[in-house]
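Q: Provide a 3D model corresponding to the input given below.
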Amino acid sequence: MKEIRGTTILAVRDEKGVAMGGDGQVTLGQSIAIKHRARKIRKLYREKVLVGFAGATADAFTLLERFEAKLEEFSGNLIRASVELAKEWRTDKYLRRLEAMLLATDGHNLLLVSGTGDVIEPDDDIIGIGSGGGYAMAAARALVSHTQMNAREVVEYSLKIASGMCVYTNEEILIEYVSRGS
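A: Residues are numbered from 1 along each chain as shown. Here you go, the predicted model:
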């Protein structure tokens, strides 16, 4: 699968819920700092589901609309909505050309949804997407293994580390949280 560049989204699950964060940088071709404070994380389905996106903005917003419709159709069932979106995304002639990826969580489940039909739940409660996703995931794994930080703190520090390593990631970080009880 083609790497989606131009952002970093990271989600970390702990015993209380999931923190999801993203940087605010928007790039356009060789121009890195077109926008500094973009919101790449959205609350959907009665503010019970967090979704972060990486990739082409218009494509991501198209997918967010479709995903929100799936969440409504399946009464907020994140796994069912994600599987149905992935199937539609992969098979629809128009949608399969979209260049974006999504992370989604309801506080219990944590999923990566892609246009190749993937719906993946990480084994270690940490997942990242975008050009800085690998850096942020590595930092998060180290912090979870060697500190007592909560999920929100891990996301914040990991994204700061990624911003120092990935030219497509900045330090304008937005973090949202959804608890398991939501």
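Q: just checking, next helix/strand downstream of the longest helix anywhere in the chain?
A: For the chain, the helix that runs over the most residues, judged by DSSP state H, is helix 57-73. With elements assigned by DSSP states H and E, the helix or strand that comes after helix 57-73 is helix 78-91.
Q: which residues touch the longest helix of the chain?
A: Contacts to helix 57-73, defined as C-beta atoms under 8 Å, 6 or more residues apart in numbering, come from residues 26, 38, 40, 42, 44-45, 49, 51, 53-54, 77-78, 80-82, 84-85, 88-89, 95, 98-100, 102, 104, 113. From N, CA and C alone the C-beta is placed, and that goes for glycine too.
Q: tilt between that helix and helix 78-91?
A: Orientation of helix 57-73 against helix 78-91 (axes from the mean of the first three to the mean of the last three C-alpha atoms, to 10 degrees) gives an angle of 130 degrees.
Q: now helix 57-73 - C-alpha only, PDB.
A: Taking Å, rounded to 0.1, in the frame of the first residue of the first chain, the C-alpha atoms of helix 57-73 are listed here in PDB:
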ATOM      1  CA  THR A  57      -8.000  16.300   2.600                       C
ATOM      2  CA  ALA A  58     -10.900  16.200   0.200                       C
ATOM      3  CA  ASP A  59     -10.600  12.400   0.000                       C
ATOM      4  CA  ALA A  60     -10.500  12.100   3.800                       C
ATOM      5  CA  PHE A  61     -13.600  14.300   4.200                       C
ATOM      6  CA  THR A  62     -15.500  12.200   1.700                       C
ATOM      7  CA  LEU A  63     -14.600   9.100   3.700                       C
ATOM      8  CA  LEU A  64     -15.500  10.800   7.000                       C
ATOM      9  CA  GLU A  65     -19.000  11.500   5.600                       C
ATOM     10  CA  ARG A  66     -19.400   7.900   4.400                       C
ATOM     11  CA  PHE A  67     -18.100   6.600   7.700                       C
ATOM     12  CA  GLU A  68     -20.500   8.700   9.700                       C
ATOM     13  CA  ALA A  69     -23.300   7.400   7.600                       C
ATOM     14  CA  LYS A  70     -22.200   3.800   8.400                       C
ATOM     15  CA  LEU A  71     -22.000   4.600  12.100                       C
ATOM     16  CA  GLU A  72     -25.600   5.800  12.000                       C
ATOM     17  CA  GLU A  73     -26.700   2.800  10.000                       C
END
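Q: let's test this: mean pLDDT of stretch 128-138, rounded?
A: For stretch 128-138, the mean pLDDT works out to 95.
Q: end to end, how far does it reach?
A: 9 Å (C-alpha to C-alpha, to the nearest Å).
Q: those helices in this structure, which residues are they?
A: So, for the chain - with DSSP H - the helices run 57-73, 78-91, 133-146, 151-163.
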